[in-house]
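Novice: build me a model:
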Amino acid sequence: MQALVLGGTGGMGQGVARDLIKQDQIKKVILGDINTDPGRVQEKLRASEKVSLRKIDVNDHNGMVSVIKDADVVINCAGPFYKTAVAVARAAVEAKVNYIDICDDYEATEILFASDIDQAARAAGITVLTGMGSDPGTNNVIVKWYANQLDRVDEIYLFWVVSIAELSGAAWDHGLHMTIGNIPQYLDGKLEYVEGGTGEETAEFLEPLGTCRLRYVGHPQPLTIPRYIKGVRNVVIKGALIPSWVDELIREQRETGFLSQEAVEVKGTKVVPYDLALKLWEAIPKNRDRGPQSSGLKVIVKGERKGKQVTFTADIVGRMAPGTGLPASIAALMLDAGDVTVKGVVAPEGCIDPEKFLTALIQRGAKIHQTETTKSMIAI
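Specialist: Below you'll find the model as predicted:
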């Protein structure tokens with residue numbers, strides 16, 4: 001099996017590649033990126049005979065199609081995905097090669113499901129699996145795992161925090177972009193669009209994260225989960241960048257126009273406030289508190305089983321790069337093994353066997369802390 005990892009010299013792409021090269025069935029991993037400086041690549045990957053570098057521009061459609069044709073699967077880690085996911089998926093479909101991404105931008109997910117890409121992928125007999133990272137990704141599969149244990153699913157809450165100590169490159173773009181404008185949430189049985197960065201509440205995460213403030217963020221799950229888990233009334237996703245001063249400053253920037261996409265003139269030059277703010281966030285002074293080297297997920301699924309109200313809760317804490325890269329790698333291996341049979345555009349909860357996936361994830365060292373609470377009326 002030959003895998004092409006786009007955004008391959010970035011942190012998430014290397015997280016995928018590190019797991020792939022450990023697998024016997026993987027013969028070659030191509031790290032495709034606009035930046036092919038070997039110095040960006042970790043020593044374990046540079047030392048592997050399976051790994052090679054190739055310069056690829058995701059804006060070059062014909063070039064992408066040509067390279068993708070030589071692979072068995074393309075794994076897109078080149079964010080921000082509101083700019084790249086649709087273009088790369090379209091190239092993979094034309095090349096007739098299975099596609100996986102770690103897309104966490106809802107706009108791209110909307111387009112992938114609504115455009116001609118779905119029909120074209122079906123006709124080509126390939127899978128376009130979108131959102132196969134950590135969030136979305138692992139938490140979608142956990143949701144499906146719990147849903148399979150219930151007679152009815154009523155509510156799903158997906159919470160996450162990411163420490164800026166782990167952020168770099170395109171992840172910063174997503175971190176700002178996900179709070180702007182009206183974003184999707186599935187509320188009371190229908191898709192609604194709420195103001196990003198509102199709906200503040202607190203949630204408890206595993207140590208060293210502790211209590212964190214969360215707000216509505218623009219991720220794909222409110223769009224995808226109701227497709228596969230029928231009857232659910234609420235699919236809510238909230239997140240935060242930590243330490244808390246980061247989210248507070250982003251909120252102030254959003255409310256005061258510093259994240260506006262409308263260009264303003266500064267000394268005769270047109271400047272987009274968002275672009276300037278993003279550049280400054282990428283250059284935070286080293287003396288600022290950047291938080292712990294870890295991030296966290298919390299999944300809450302509420303429903304009914306045998307007439308009793310059941311609440312499942314799962315918590316995960318760990319490093320962002322392996323936490324995002326491992327799910328995509330596992331999904332690629334499941335595709336190769338024939339464990340993913342759905343053709344066309346699909347989300348993780350629509351095609352990934354939860355038991356097989358979670359078994360593979362735990363074998364790789366993931367620790368999922370879960371609780372189950374049951375409520376019922378006294379029967380005499």
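
Novice: and the closest residue to residue 76 other than its chain neighbours, what does it touch?
Specialist: Excluding its sequence neighbours, the residue lying closest to residue 76 (C-beta to C-beta, 6 or more residues apart in numbering) is residue 101, at 3.9 Å. For the C-beta atoms, the positions are set from N, CA and C on the backbone; glycine is no exception. Counting by C-beta atoms under 8 Å, 6 or more residues apart in numbering, residue 101 touches 75-77, 81, 85, 88-89, 129-132, 328.

Novice: sitting in helices, which of the residues you listed do you find?
Specialist: Of those, the ones assigned to helices by DSSP state H are 81, 85, 88-89, 328.

Novice: which stretches in the stretch 151-300 of the chain count as strands?
Specialist: 152-163, 182-187, 190-195, 201-205, 210-216, 234-242, 264-266, 269-271, 295-305 (DSSP state E, counting those that start in this stretch).

Novice: would you turn the ones you listed into JSON lines with mean pLDDT?
Specialist: Listed next are these as JSON lines, based on pLDDT from 0 to 100:
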{"stretch": "strand 152-163", "mean pLDDT": "97"}
{"stretch": "strand 182-187", "mean pLDDT": "98"}
{"stretch": "strand 190-195", "mean pLDDT": "97"}
{"stretch": "strand 201-205", "mean pLDDT": "97"}
{"stretch": "strand 210-216", "mean pLDDT": "96"}
{"stretch": "strand 234-242", "mean pLDDT": "97"}
{"stretch": "strand 264-266", "mean pLDDT": "95"}
{"stretch": "strand 269-271", "mean pLDDT": "96"}
{"stretch": "strand 295-305", "mean pLDDT": "97"}
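
Novice: now distance to residue 335 and mean neighbour count too, for those strands, in TSV please.
Specialist: Shown next, in TSV, are those (distance: least, C-beta to C-beta, whole Å; neighbours: other C-beta atoms under 10 Å):
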stretch	distance to residue 335	mean neighbour count
strand 152-163	24	22
strand 182-187	27	19
strand 190-195	29	12
strand 201-205	31	16
strand 210-216	32	18
strand 234-242	26	24
strand 264-266	47	10
strand 269-271	44	9
strand 295-305	23	22
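
Novice: quick check, nearest of the contacts of residue 101 to residue 173?
Specialist: residue 81 (9.7 Å; C-beta to C-beta).

Novice: pLDDT below threshold where in the protein?
Specialist: Along the chain, segments meeting pLDDT under 70 span 377-380.

Novice: the closest residue to residue 197 other than its chain neighbours: neighbouring residues, count only.
Specialist: Leaving aside its sequence neighbours, residue 197 sits nearest to residue 179 (C-beta to C-beta, 6+ apart; 4.0 Å). Residue 179: 24 surrounding residues under other C-beta atoms under 10 Å.

Novice: now do the contacts for residue 179.
Specialist: The contact partners of residue 179, taken as C-beta under 8 Å, 6+ apart, are 196-197, 215, 217-218, 250-251, 254, 259.

Novice: hmm, 10 Å instead?
Specialist: 195-198, 215-218, 239-241, 247, 250-251, 253-254, 259 (C-beta atoms under 10 Å, 6 or more residues apart in numbering).
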